[in-house]
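Trainee: structure for the following, please:
(one chain, ligands or ions: 1)
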Amino acid sequence: MHQDHRALGLAPLSTVARTSVSGAIDIAQGKPVQPVTLVRPHAAARAARFFVEKFPGRSMYAVKANPSPELIQILWDNGITHFDVASIAEVRLVARTLPDATLCFMHPVKAEEAIAEAYFTHGVRTFSLDSLDELEKIMRATRSAADLTLCVRLRVSSEHSKLSLASKFGVAPHEAKPLLFAARQAADALGICFHVGSQAMTPEAYADAMERVRAAIVDAAVTVDVIDVGGGFPSSYPDMAPPPLERYFETIHRAFESLPISYSAELWAEPGRALCAEYSSVVVRVEKRRGNELYINDGAYGALFDAAHIGWRFPVTLLREPQSTVRDHPFSFYGPTCDDLDHMAGPFLLPADVQAGDYVEIGMLGAYGSAMRTAFNGFGSDETVIVEDEPMVSLYTEVEREAASNVVKL
Ligand SMILES: Cc1ncc(COP(=O)(O)O)c(C=O)c1O
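Mentor: Numbers count the residues shown, from 1 in each chain. Okay, here's the model as predicted:
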């Protein structure tokens, strides 16, 4: 694991502790000096099984959301056989961890060397693209291979999502015709893919995107073999309680069935967040209290990137026994580095008597939390422990921990 994270340019992480403890409170009682990442294999397994059983097509895990080899193995063990990889380091990581997995290189702008290595060394056959230049690059790098699945990325709206992915990639549907046509000539199988933006708060996001797909297919008059609806499936956070995932699946299924595509066309999705958000949380220590501000030992350059940079609130709970009976109060957090930007506005609701020396669990950090950690300023924890308790919030069960004080009701 140490090596794998290095390969991705991430802060080195230690090997996950093999001894399980029952829950976050046990960790706090050990009074750790560094933040501790808690991982919940059962939560990731449950999410994988949910997608495998209920999504009406193939679910491939978007590795960028959390590239932990342990997690990738758990997903595989629970039925996820395909992986969306976006860099050559991710290709190598998954190929090394799961030699039998199918990898799809879904970054629309790739280095030619990366394409060649993926194709010739790791057996990757599926690539995404959004320009004729990229198509030429793929054909050059694979020496005009005849066994490619080429997925043209369409630009769709991110209006229903919390994090936009509408600017950087994708060809506009009314400009897609020449690219779809050229990709059709070059590919063994032609796909259309899109991304509605991360944390899509309504299934309508996919219905709208599918209408753009329809327009592009009608305009180009090509036979399409794969429709890939990308990621964007939500998780539950404070102030963000999405509808049940089944509603997303039903909407996508209905739209897919009505598209003018080949009878044998396949439906794919690339969930990242939804498969791993519940997988981990972090236990931090309060080092100082200044009024309503808590100085904690993880932050913007650690697992709390989204809390700092896009102002997301994450569920928090004070790990104290006996539990505090004092009413909740809004706090903001400062992380451990010397940087003013290392600030998480929250508000995070914790008992008003929280003080230095207390431990706080910050939940739902499995997606884009651990994956973003750095060792900036000498901070960055390397301790990871497996726990058996439930995540603070789950889209997959009705379970909510009594102790969680500001958890979204599902
Ligand atoms: C091409 C692609 N697929 C899938 C994902 C995963 O998205 P999410 O985590 O919102 O499901 C991303 C995220 O950026 C992406 O860029």
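Trainee: what's the span of stretch 287-299 from first residue to last?
Mentor: End-to-end distance for stretch 287-299: 13 Å, by C-alpha to C-alpha, to the nearest Å.
Trainee: repeat for stretch 296-314
Mentor: Stretch 296-314 has an end-to-end distance of 14 Å (C-alpha to C-alpha).
Trainee: ok, is it in contact with the ligand or not?
Mentor: No - using C-beta under 6 Å from any ligand atom, stretch 296-314 stays clear of the ligand, with a minimum separation of 11.5 Å. In this view, the C-beta of every residue, glycine as well, is placed from N, C-alpha and C.
Trainee: and residue 374, how many neighbours?
Mentor: By the criterion of other C-beta atoms under 10 Å, residue 374 has 15 neighbours.
Trainee: quick one: it and residue 303 touch, right?
Mentor: No - contact status for residue 374 versus residue 303: not in contact, 10.2 Å apart, counting by C-beta atoms under 8 Å.
Trainee: so out of everything in the stretch 301-410 of the chain, what residue is nearest the ligand?
Mentor: In the stretch 301-410 of the chain, no residue comes nearer to the ligand than residue 367, which is 6.0 Å away by C-beta to the nearest ligand atom.
Trainee: isn't that residue up against residue 272?
Mentor: Yes - between residue 367 and residue 272 there is a contact under C-beta under 8 Å: 6.2 Å.
Trainee: any idea whether residue 267 is helix, strand or coil?
Mentor: Recorded secondary structure, residue 267: strand (DSSP: H, G, I helix; E, B strand; the rest coil).
Trainee: beta partners of it?
Mentor: For residue 267, the beta-bridge partners are residue 227 (DSSP bridges).
Trainee: how close does it sit to residue 87?
Mentor: Residue 267 sits 25 Å away from residue 87, going by C-beta to C-beta, to the nearest Å.
Trainee: same thing with residue 66?
Mentor: Following C-beta to C-beta, the distance that separates residue 66 from residue 87 is 14 Å.
Trainee: next: residue 367.
Mentor: According to C-beta to C-beta, residue 367 stands 17 Å off from residue 87.
Trainee: and the residue of the stretch 301-410 of the chain closest to the ligand, which helix or strand is it part of?
Mentor: Following DSSP states H and E, there is no helix or strand that holds residue 367.
Trainee: I'd like the numbering to begin with 45 instead of 1 from here.
Mentor: With 45 as the first residue, the last one maps to residue 411.
Trainee: give me the local confidence score for it.
Mentor: On the pLDDT scale, residue 411 is placed at 97.
Trainee: which of residue 411 and residue 316 has more neighbours?
Mentor: The neighbour comparison of residue 411 against residue 316 (other C-beta under 10 Å) goes to residue 411, with 27 against 23.
Trainee: and the helix or strand hosting residue 295, which residues are buried?
Mentor: Residue 295 is part of helix 289-301 when elements are defined by DSSP H and E. By 16 or more other C-beta atoms under 10 Å, the buried positions in helix 289-301 come out as 289, 292-293, 295-296, 299-300.
Trainee: and for stretch 297-317?
Mentor: Across stretch 297-317, burial judged by 16+ other C-beta under 10 Å covers 299-300, 303, 305, 309-317.
Trainee: any idea of the pLDDT on residue 441?
Mentor: For residue 441, the model assigns a pLDDT of 82.
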